[in-house]
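In: Fold the stuff below for me.
(chains A and B)
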There are 2 protein chains.
Amino acid sequence: MKDLKRIYNFNPGPATLPLEVLKEAQEEFLNFNDSGMSIIEISHRSKPYEKVHAQTKADVLELMQLGDDYEVLFIQGGASLQFAMIPMNFASAEHKGNYILSGTFATNAYNEAKILGVGEIAASSKETGFHHVPQQDELKINPDAAYLHICNNNTIYGTEFHYIPETNGVPLIADMSSDMLSREWDFKKFDFIYAGVQKNLGPAGVVLVVAKKSLIEKSRETLPTMLRYDTFFKKDSLYNTPPEFCIYMVGKVAKWIKSQGGLKEMARRNSTKAKLLYDEIDNSEGFYRGHADKDSRSFMNVTFRLPSEDLEKKFVAEALEKNLSGVKGHRSVGGMRASIYNAMSIEGVEILAEFMKEFRKKN
Amino acid sequence: MKDLKRIYNFNPGPATLPLEVLKEAQEEFLNFNDSGMSIIEISHRSKPYEKVHAQTKADVLELMQLGDDYEVLFIQGGASLQFAMIPMNFASAEHKGNYILSGTFATNAYNEAKILGVGEIAASSKETGFHHVPQQDELKINPDAAYLHICNNNTIYGTEFHYIPETNGVPLIADMSSDMLSREWDFKKFDFIYAGVQKNLGPAGVVLVVAKKSLIEKSRETLPTMLRYDTFFKKDSLYNTPPEFCIYMVGKVAKWIKSQGGLKEMARRNSTKAKLLYDEIDNSEGFYRGHADKDSRSFMNVTFRLPSEDLEKKFVAEALEKNLSGVKGHRSVGGMRASIYNAMSIEGVEILAEFMKEFRKKN
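Out: Below you'll find the predicted structure:
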């Protein structure tokens, strides 16, 4: 039998997923649950699918240690559609959405509220190049705000919130697309959490929303059906056909996280991996320059530059020869970005750190 | 090796897909295109994915015999989100959307326009129980309408348009979710076609939009980014991460349709299959009563009732014993529904027709 070719995939998303989860999905792809059908052929009103749907929701809440006052919704359209749905449902001219601008997607979220005339900036690190996430003492939250919106992890800049903003009663909404289920965190302090799943949790095509039922129930009644959160709530995300395959894969990944030791173990691995790379940057005598300020460093996306663009090109090319793929940074920041989500092994990061060391010595 | 268990899947959607397509996807699931990654792990900005994306678009246009004046878009949220996006983008209080109500989803589409205050009914067969699709002489199209919207095939009632409405210049929009790429048709007469793919084309999670560029460009500029069609047009449906796996599977199914002989061959098979079942109904001396009027009979969903509900229950149970699954009708119509999309084999329908004959004789 031919050996399976696998690379170390440092892409920012879609991203690497646990090999054992992929293998399990492959194995049952033609005959799911002995139904004689593929998971992609089976009715969303059937018992076997309903079980997947319910178990996925239960496992997500269990991992996040959230109770009955929270609901899990599965919504299509990516986080970008959430950027619009959130202000459409919850904000108004009197009660604007407040936004912390900490990077590209945080700004995109604000921009959609702005299009709707209901956006307000509570803090921004744009002027200092998005090197850090605004800290508590930088926040100016309007006490009449409908919510405060943060982007938990900034994929492009490689920064991450390491504190939960105190809002004094204003509902807290977080885009966790790029660090969902990557660490323990007091999720009860959030009123509404959402994540496009294609980084830590599964195939692109579904957004996981985990929100307080009491907030969901405030969905604006004048909106079209599919743009109201309470449609998804009342119909258990089955108002129309959900993206079954994506949900099924998220369910498998959630089960995998549980089997590995839950969010505590994910956090341990992710901080171990991040430390390997940040140590390499810090010990490089300026050869590697991290983009993020130390107190805002992301455990998911490690961004750094090299002394010249020529060296950066060489780095990407030579990394690929070592089977290390996807380390090129986003064009708006330049340089390198290693995305080290849950499913990236410590071994893969050790090889990258070793490569960084060798590359530095040779150049 | 264990024999593969497969059933005859007559579900209305998600529905049966070609086994050879499923097998191909399974085989390359861990290592797509020798990339060392699964298709669900690969960047949507990568060359191998871009090739899938472009080829899928090209094959869909080729199958439909449409030229450069049409664009293919991939949008999430199901046809139900399209029900809202269409009036949001194109209709107004002065130029309302006109709707033909021919069934449940046709009505749902109208209802979203109504929520927005821009819906108008051009014809309806509701009062006669949706047994037929309104014919040309029943239509009252407002000459100032932004568009005329039809639902090409009514999955629940088992009726289908067998003519293309003449609109006298009003743009024609069609929901083809349940008969997309199932027959030859003069698609150039349509300005905007859309289809949730989970019936004839792939896994739930993407809507295929095939529309005139000149109409797409009229998208309303004041809308949030993800609700504007021109966002998808300008960014080639890559403004944010698309549902790669769904698009990849649609691409494989489109390629399969081409390899089988295109829409001409699909139409031949589908009419052959439909005839087998309608003949059985017509020759049953009233034992089976079709829901649809003969001139509106669907080639995709064959709906019929039995003399009693007890017999209907018995029919479903005994069919399942013969490996014939999913023949129970929708609760709003009752009785039976056999969905016989592209990927349902003639053999499967022959077995169902034979079973219908035997069941009738015994009961």
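
In: residues near residue A:101, how many?
Out: Residue A:101 has 24 neighbouring residues, counting by other C-beta atoms under 10 Å in any protein chain shown. C-beta here means a position set from N, CA and C on the backbone, and glycine is covered the same way.

In: buried ones in stretch A:265-272?
Out: Within stretch A:265-272, the residues that count as buried by 16 or more other C-beta atoms under 10 Å in any protein chain shown are A:266-267, A:269-270.

In: One more: stretch A:175-187?
Out: Buried residues in stretch A:175-187, counted by 16+ other C-beta under 10 Å: A:175-183, A:185, A:187.

In: As JSON lines, those with distance to residue B:33 would be great.
Out: JSON lines is the format used below for the buried residues of stretch A:175-187 (distance: C-beta to C-beta, whole Å):
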{"residue": "A:175", "distance to residue B:33": "31"}
{"residue": "A:176", "distance to residue B:33": "31"}
{"residue": "A:177", "distance to residue B:33": "26"}
{"residue": "A:178", "distance to residue B:33": "25"}
{"residue": "A:179", "distance to residue B:33": "29"}
{"residue": "A:180", "distance to residue B:33": "28"}
{"residue": "A:181", "distance to residue B:33": "29"}
{"residue": "A:182", "distance to residue B:33": "29"}
{"residue": "A:183", "distance to residue B:33": "33"}
{"residue": "A:185", "distance to residue B:33": "37"}
{"residue": "A:187", "distance to residue B:33": "38"}
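
In: Return the residues in contact with the residue nearest to residue A:37 when sequence neighbours are not counted.
Out: Nearest residue to residue A:37, sequence neighbours excluded (C-beta to C-beta, 6 or more residues apart in numbering or on different chains): residue B:9, at 5.5 Å. By C-beta atoms under 8 Å, 6 or more residues apart in numbering or on different chains, the contact set of residue B:9 is A:36-37, A:41, B:15-16, B:325-326, B:344.

In: Now the host helix or strand of residue A:355: average pLDDT?
Out: Per DSSP states H and E: residue A:355 is located in helix A:346-362. Across helix A:346-362, the average pLDDT comes to 98.

In: and that helix with chain B, contact?
Out: No - using C-beta under 8 Å from any C-beta of the partner chain, helix A:346-362 stays clear of chain B, with a minimum separation of 12.1 Å.

In: got a list of contacts for that helix?
Out: By C-beta under 8 Å, 6+ apart, helix A:346-362 touches A:8, A:10, A:269, A:272-273, A:276-277, A:279-280, A:284, A:287-288, A:315, A:318-319, A:322-324, A:327, A:338, A:340.

In: how much space between the closest residue to residue A:156 other than its chain neighbours and residue A:342?
Out: Distances taken as C-beta to C-beta, 6+ apart put residue A:330 closest to residue A:156, at 4.4 Å, once the chain neighbours are dropped. To residue A:342, residue A:330 is 21 Å away according to C-beta to C-beta, to the nearest Å.

In: The two: who's more crowded?
Out: residue A:342 (28 against 16).

In: tell me the SS of that one?
Out: Classification of residue A:342 using DSSP: H, G, I helix; E, B strand; the rest coil returns coil.

In: Now tabulate the buried residues of stretch A:175-187 in TSV and tack on pLDDT, secondary structure and distance to chain B.
Out: As requested, the buried residues of stretch A:175-187 are exported to TSV (pLDDT from 0 to 100; DSSP: H, G, I helix; E, B strand; the rest coil; distance: C-beta to the nearest C-beta, whole Å):
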residue	pLDDT	secondary structure	distance to chain B
A:175	98	strand	12
A:176	98	coil	16
A:177	98	coil	10
A:178	97	coil	12
A:179	97	coil	16
A:180	98	coil	14
A:181	98	coil	17
A:182	98	coil	17
A:183	98	coil	22
A:185	96	coil	24
A:187	98	helix	24
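
In: could you flag which of the contacts of helix A:346-362 are buried?
Out: For these, buried by 16+ other C-beta under 10 Å: A:8, A:10, A:269, A:273, A:276-277, A:280, A:284, A:287-288, A:315, A:319, A:324, A:327, A:338, A:340.

In: Show me these that map onto helices.
Out: A:269, A:273, A:276-277, A:280, A:315, A:319 (DSSP state H).

In: Which single residue of the stretch 251-363 of chain A ends up nearest chain B?
Out: residue A:326 (6.8 Å; C-beta to the nearest C-beta).

In: count of residues packed around the nearest residue to that residue once chain neighbours are set aside?
Out: Nearest residue to residue A:326, sequence neighbours excluded (C-beta to C-beta, 6+ apart): residue A:11, at 3.4 Å. When counting by other C-beta under 10 Å, one arrives at 24 neighbours for residue A:11.

In: and if you look at the one 4 residues further on?
Out: Residue neighbour count, defined by other C-beta under 10 Å, stands at 27 for residue A:15.
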